[in-house]
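> just a sequence and a predicted model for now, questions to come.
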Amino acid sequence: MAGVNEERPLQLDNAGTLNQSVSTSLEVDKIGILPGHESDYSACTFVLNHEDHTLGNALRWMIMKDADVEFCGYSAPHPSEPKIHLRIQMYDNMSAVDCLRKALSNLRDLLSTVDQKYKKSLRNDKYIKEDDVDVRAVVEETLRERGRLASSGDAMDTS
Amino acid sequence: MPRSNDDTRRHVQVLPERIGQVAGSEFPGHYPGEDHSWNLQRFKENLVVSVQRLTPSTVEFDLIGVDASIANALRRVMIAEVPTVAIDSVYVWNNTSIMQDEVLCHRLGLLPLKVDPRKVQYTKNPDKPSENDTLIFDLRVRCDRNKDASRGETDPRKLYYDSNVYSGMLEWVPQGAQSDKFGVNGVPKPAPVDPDILLVKLRPKQVVDFHCFARKGVGMNHAKWSPVATASYRLLPQIIIRSPIPPEHQEKFQKCFPPGVIDIEDDASGHPQCVVKNPRKDTVSREVLRHPEFQDLVQLTRIRDHFLFNVESTGQYNPEELIPEAIKILLGKITEVEQGLDKLFAPSAGAA
């Protein structure tokens, strides 16, 4: 699965924020820890670069499912900065880094399970298979009912 | 076993003026004596994914047993992060139509192209396009008068040749070995998904001559790269009839809901009763809550972890492929963060 996202090149996003450091032109690290964390990492705020609510909220939920977590929350500090802050505080001086790793691995299991079940349902289940609504036919039918000439105007130019 | 819909912990309450119990509370420590920590086995037992309907452009499926954050992540990735190929740069050699260059170029960019994005790489350097990351399309159309048209003819289609420019007139120009990769072995030739999109109208002697570069991109940079027309979910409505509806009000009760939601059936003793037939069709209009005669007889809820997804593809992917692609991208994100953690705590980095 690796490599699905990495290959996307650096570029300006719509808000004009460069996804790399302006001063060094180096690509910024994917993840960092804000200053002020506990020295045993039992409470830290992680910075996830180039991530948003998509991963942030899912990860927050998975971390909150861990019984050793005292607090977990995330925020997007500014809408035009492509990063999120993820705060984790642990009970009993346990490591928030280990907790994050465990949550990532659990999230992978969860998504793989959804993927398997989806593919299984697509293969085995009985569901409605039908054609799309033919919009053109519906429009022509409606126009005919209203007594207007159906083919005036936008039919494809065959000349 | 999947959980019962009667489990009140799964209910989001739909009240006359507000909604209640929106957020789930199934976290460790919330209910004394209950274990709500993550358990993959339990998750597998509760999870139901069931495809409901498939057409050439849309897929509808139920996702039951996940949190809203997971369902929302899938939806967001489908809209903004599953890549497609779209026209990104256009060289305007000539344009004497009434439409401004930039407006017509914008229209070209929005055309969905039938190109498998998995066969195209992201552009590393736009100044150095290569056959692996760029597809080239030409649009060269000139309108002329039809000399054979009868005098007094007013229909432009009879009076002129090529007075309408359609998306199907874009012509793919294979570069390098692209002709071995596309348009052969069942891979369709790169072309717009719909050939009959009207781009601009011309009059005699007007010309459009465009040279288009199509690149791979994602919807978060521009909506033209979004592979879905819509990707949305709603929660399954659940109508609870608390006590029997009196016979004189049954028809009125039925009419408070869209057709097909409530049925009037004879019960075991032969008396007609209102029963919930298909809550899926309900729009949760809350009409029933406005009438005092139904006070306390009915309760409207939604199932908090039962998502009814509706995904419509714009044609680059088959609709049923979109969810697996979205999951692949989410898994890629997880791997990226894990690798970032490895790097952060690598001994050489001296981060610890």
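The structure has been received and is ready for your questions.
> quick one: the helices in the stretch 201-350 of chain B?
Assigned by DSSP state H, counting those that start in this stretch, the helices in the stretch 201-350 of chain B fall at B:250-255, B:322-344.
> can I get those in CSV with mean neighbour count?
Every residue, glycine included, has its C-beta placed from N, CA and C. As requested, the helices of the stretch 201-350 of chain B are arranged in CSV below (neighbours: other Cβ atoms under 10 Å in any protein chain shown):
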stretch, mean neighbour count
helix B:250-255, 15
helix B:322-344, 20
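> for A:Ile33, find the nearest of the ones you listed.
helix B:322-344 (7.3 Å; Cβ to Cβ).
> the most centrally placed residue in chain B pairs with what?
Closest residue to the average C-alpha location of chain B: B:Ala231 at 2.6 Å, with Cα atoms, centre = their mean. Beta bridges link B:Ala231 to B:Val311, judged by DSSP bridges.
> I'd say it and B:Arg75 touch.
Yes - using Cβ atoms under 8 Å, B:Ala231 makes contact with B:Arg75 at a distance of 5.3 Å.
> overlap of the contact sets of the two?
B:Phe309 (Cβ atoms under 8 Å, 6 or more residues apart in numbering or on different chains).
> tell me who's in contact with residue 52.
With no chain named, the answer covers chain A. Counting by Cβ under 8 Å, 6+ apart, A:Asp52 has contacts A:76, A:82, A:84, B:76.
> let's do chain B instead
Taking Cβ under 8 Å, 6+ apart, one finds A:127-128, B:60-62, B:308 in contact with B:Gln52.
> the residue nearest to B:Cys256 when sequence neighbours are not counted: neighbour count?
Nearest in space to B:Cys256, with sequence neighbours left out and distances taken as Cβ to Cβ, 6 or more residues apart in numbering or on different chains, is B:Val288 at 3.9 Å. B:Val288 has 24 neighbours, counted by other Cβ atoms under 10 Å in any protein chain shown.
> looks like B:Val288 contacts B:Asp296 (just checking).
No - in this structure B:Val288 lies outside contact range of B:Asp296 using Cβ under 8 Å: 11.8 Å.
> which intervals of chain A have sub-threshold pLDDT?
By pLDDT under 70, the low-scoring segments of chain A are A:1-27, A:148-159.
> where exactly do the strands run in it?
Using DSSP state E, the strands found in chain A span residues A:31-33, A:43-49, A:69-75, A:83-90, A:128-129.
> could those strands be laid out in JSON lines, adding mean neighbour count and distance to chain B?
Shown next, in JSON lines, are the strands of chain A (neighbours: other Cβ atoms under 10 Å in any protein chain shown; distance: least, Cβ to the nearest Cβ, whole Å):
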{"stretch": "strand A:31-33", "mean neighbour count": "19", "distance to chain B": "4"}
{"stretch": "strand A:43-49", "mean neighbour count": "20", "distance to chain B": "6"}
{"stretch": "strand A:69-75", "mean neighbour count": "17", "distance to chain B": "8"}
{"stretch": "strand A:83-90", "mean neighbour count": "21", "distance to chain B": "10"}
{"stretch": "strand A:128-129", "mean neighbour count": "10", "distance to chain B": "4"}
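> using ChimeraX, define a selection of the buried residues within the contacts of B:Gln52.
Per 16 or more other Cβ atoms under 10 Å in any protein chain shown, the buried members of the contacts of B:Gln52 correspond to this ChimeraX selection:
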select /B:60,61,62,308
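> ok, the contacts of B:Gln52 vs B:Arg142, which is closest?
Of the contacts of B:Gln52, the one sitting nearest to B:Arg142 (Cβ to Cβ) turns out to be B:Glu60, at 45.0 Å.
> check contacts around the closest one.
B:Glu60 neighbours (Cβ under 8 Å, 6+ apart): B:51-54, B:308-311.
> name the residue of the stretch 151-300 of chain B that lies nearest to chain A.
With Cβ to the nearest Cβ, the shortest gap between the stretch 151-300 of chain B and chain A falls at B:Asn164, namely 4.2 Å.
> give the contact list for B:Pro117.
B:83-85, B:216, B:227, B:316-317.
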